[in-house]
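Novice: A structural model of the following input is requested.
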Amino acid sequence: MQTKHKRRGSTLTLILMLVVLIGLVAAIILWPVEAKAATMPTLTEQDDLEETTLVRTGDIAPDFTVKMTTGEKVTLSSLRGKVVLVTFWATWCPPCRQELAHMQEGVIDHFAGSDLVVLPISRGETRATVEAFINKMGYTFPVGLDENKSIYLKYATNYIPRAFVIDKKGKVVYSAAGYDDTIAREINEAISAALR
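Specialist: Below you'll find the predicted structure:
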């Protein structure tokens, strides 16, 4: 009787081991397919950037009125006849900080005396937050406030910093998302070309 019990136990163990083994093999075979499907992006980063960009080179820049930290209100369409650099940024964004650090010397001072208007517009932050940041950094140029993102959402739905160079007729002649030395150079080249 003991031998019969041993056989039955070893048969059960063998069946259980076989079921576990089949389960493991199935998991190994199916795992890469499921993992790949779950992590495969539906859009490339560039496609996503394109989808979130509402205003492109060649478009007429959407009009807006922005309140500056100085209290002045500026309407884009009233600046026709001048070249305008519109940038959207936020205090918490490292590339935005890099762009702002370059703004005074690299753009405003560089093009001093020309028909250039620079409108750095803070996206989605309160006046108090923006003013505290500007004062801490020692920036003296005026900054626009877009607390509810209503201006930004005319130009894009995601990603900052964003820069738009607008020519004297109101047409966007350059746009970029992000900021690095290449974009800084391209912005200045686009401004120079638009000023001619």
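
Novice: list phi and psi for residue 147.
Specialist: Phi and psi for residue 147, reported as degrees, to the nearest 10, are phi -60, psi -40.

Novice: how many neighbours does it have?
Specialist: Other residues lying near residue 147 total 15 when counted by other Cβ atoms under 10 Å. Where C-beta positions appear, they are placed from N, C-alpha and C, glycine not excepted.

Novice: please tell me how far the closest residue to it other than its chain neighbours sits from residue 90.
Specialist: Nearest non-adjacent residue to residue 147, counting by Cβ to Cβ, 6 or more residues apart in numbering: residue 126, 6.0 Å away. Separation of residue 126 from residue 90 (Cβ to Cβ, to the nearest Å): 11 Å.

Novice: residue 22 too?
Specialist: Residue 22 is 54 Å from residue 90, by Cβ to Cβ.

Novice: more neighbours: those two, which one.
Specialist: More crowded of residue 22 and residue 90, by other Cβ under 10 Å: residue 90, with 18 against 10.

Novice: in this structure that one contacts residue 120, no?
Specialist: No - if you go by Cβ atoms under 8 Å, residue 90 and residue 120 don't touch, sitting 11.0 Å apart.

Novice: in a helix, residue 179, correct?
Specialist: No - counting by DSSP: H, G, I helix; E, B strand; the rest coil, residue 179 falls outside a helix, being coil.

Novice: skipping adjacent residues, who's closest to the most centrally placed residue in the chain in space?
Specialist: Note on the chain: the residue nearest the mean C-alpha position is residue 159, at 1.5 Å, using Cα atoms, centre = their mean. Nearest residue to residue 159, sequence neighbours excluded (Cβ to Cβ, 6+ apart): residue 177, at 4.7 Å.

Novice: before we move on, back to that, show me what contacts the residue nearest to the centre of the chain?
Specialist: By Cβ atoms under 8 Å, 6 or more residues apart in numbering, the contact list for residue 159 reads 49, 52, 177-178.

Novice: just the buried members of these?
Specialist: Neighbour counting with 16 or more other Cβ atoms under 10 Å marks 177-178 as buried within the contacts of residue 159.

Novice: for the contacts of residue 159, work out which two are farthest apart.
Specialist: Comparing all pairs in these by Cβ to Cβ, the longest separation belongs to 52 and 178, at 12.4 Å.

Novice: what packs against the helix or strand residue 173 falls within?
Specialist: Per DSSP states H and E, residue 173 falls inside strand 172-177. Applying 3 or more Cβ pairs under 8 Å, 6 or more residues apart in numbering; DSSP states H and E, one finds that strand 172-177 contacts strand 162-166, helix 181-195.
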